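Peer 1: what would the 3D arrangement of this be:
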Amino acid sequence: MIPQALRVALPALANEYIAIVKLSSLVSVISLTEILMVGQRLYSQNFLVMETMAAVAFYYILIVTVFDFLLKRLETWLDVTQRKTTRPVDEEMQQMATARRPAMARSVSVAQEPALQASKLHKAYNNVEVLGAVSLQIQPGEVVSVIGPSGSGKTTLIRLLNGLEQIDNGEIKINGQPFIHLDRQGQQKPRFMENSEHRQNIGMVFQSFNLFPHLTVLGNLLLAPRYHHLASEGELKQHACELLHKVGMLEHAWKYPHQLSGGQQQRVAIARALMMRPQIMLFDEPTSALDPEKVNEVLQVIESLAHEGITMVIVTHEMNFAFKVSDRIVFMEKGRVVCDDTPQAMRDGQHPRVDAFLKDVSLA
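Peer 2: Numbers count the residues shown, from 1 in each chain. Below is the predicted model of the structure:
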């Protein structure tokens, strides 16, 4: 976004401008050296030394000091951490939030086509294989947790599922329709192909929140659906208020991200992802960047979503949570799926490698 880019670029641009003015000739008359030369030439003709040098000083101060002052004021104005809001949530927003429809009871669909299907995904970085022939199939309404030791490829997998990373080989389908695949034509190098129509069907919640710092909580929720013209302004605002109420953040609707705790920011990120009404929600270790006391408030929100029929894939290190809310658990190691089974089967010790891993993380 331009406001964020300006905030980062202004200090460097201001320093560069002042260096150009002081150390070089800009349009032949702007630098200090050139101004002094012009001044010397003038007072040698009119003998008004003080008056001429005062004019030179004035122009130099105007070029450097005033410009620098204006840049600093602009930089301060663009600094979102200086923005505070005490605006309360009005009665209209409260009514919008509480007028929401009752949540649907959760049920796992028995439809023939999987909601999400990944087939033989491969990914390598600098010739080092990170994922090797990973396949995953998720039915509508299922909650699937992906667990495993660090470096096993869990985050890479979920980024491939959302198209944030390009696959080296394999295919991803949504509702039986191609979403991501490689187009091979003769001897040419395969081209990465993505059906952008399906992108709105997937919502993503990241480890580090990734909220827009210059927008309020409500503004963060409204940005994407406004861009895609999903509904009228009134309908979008009502949906945003409903979601903020659902995640317990309605009273913070007018605050900026820097005014929120980590757990609050992550709840806003979940609500923002839900604004696009996705069929599938992907969670990439949503609690890993949180303080321990803030973890439960985010897990409670995710658990509530698990009872509303939303298909979810959750990469997590929270083992107790994964075994509590999941229909299936996928265990990964060294870039491959070692086990894909129900929580009960994994607890019963039917898979020795998984059993050893769970004992290591104190989940017997």
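
Peer 1: can you pull up the most central residue in this protein?
Peer 2: The C-alpha lying nearest the average C-alpha coordinate of the chain belongs to N210 (C-alpha atoms, centre = their mean; 3.6 Å).

Peer 1: which stretches of the stretch 101-250 of the chain form helices?
Peer 2: Applying DSSP state H, counting those that start in this stretch to the stretch 101-250 of the chain gives helices spanning 154-161, 217-227, 233-246.

Peer 1: now mean neighbour count and distance to K255 too, for the ones you listed, in TSV please.
Peer 2: The way it works is simple: take the backbone N, C-alpha and C, and place the C-beta from them, glycine included. Below are these laid out as TSV (neighbours: other C-beta atoms under 10 Å; distance: least, C-beta to C-beta, whole Å):
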stretch	mean neighbour count	distance to K255
helix 154-161	22	29
helix 217-227	19	6
helix 233-246	19	11
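
Peer 1: and N195, which of those is closest to it?
Peer 2: Smallest distance to N195 across these (C-beta to C-beta): 13.7 Å, for helix 154-161.

Peer 1: shaky segments in the stretch 251-364 of the chain?
Peer 2: Applying pLDDT under 70 to the stretch 251-364 of the chain flags the ranges 362-364.

Peer 1: switch to 90 and redo it
Peer 2: Applying pLDDT under 90 to the stretch 251-364 of the chain flags residues 258, 262, 287-297, 306-310, 345-364.

Peer 1: tell me where it has strands.
Peer 2: Along the stretch 251-364 of the chain, counting by DSSP state E, counting those that start in this stretch, strands occupy 280-284, 311-315, 328-333, 336-341.

Peer 1: what's the most buried one of the ones you listed?
Peer 2: The highest mean neighbour count among the strands of the stretch 251-364 of the chain, using mean count of other C-beta atoms under 10 Å, belongs to strand 311-315: a mean of 25.

Peer 1: quick check: V268 touching Q259?
Peer 2: No. Contact between V268 and Q259 fails when scored by C-beta atoms under 8 Å: they sit 11.1 Å apart.

Peer 1: between these two, which one's more packed in?
Peer 2: Set V268 next to Q259 and count neighbours by other C-beta atoms under 10 Å: V268 wins out with 26 against 16.

Peer 1: one step back: now render the helices of the stretch 101-250 of the chain as a markdown table, adding mean pLDDT and distance to E297.
Peer 2: As requested, these are exported to a markdown table (pLDDT from 0 to 100; distance: least, C-beta to C-beta, whole Å):
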| stretch | mean pLDDT | distance to E297 |
| --- | --- | --- |
| helix 154-161 | 93 | 22 |
| helix 217-227 | 94 | 15 |
| helix 233-246 | 92 | 13 |
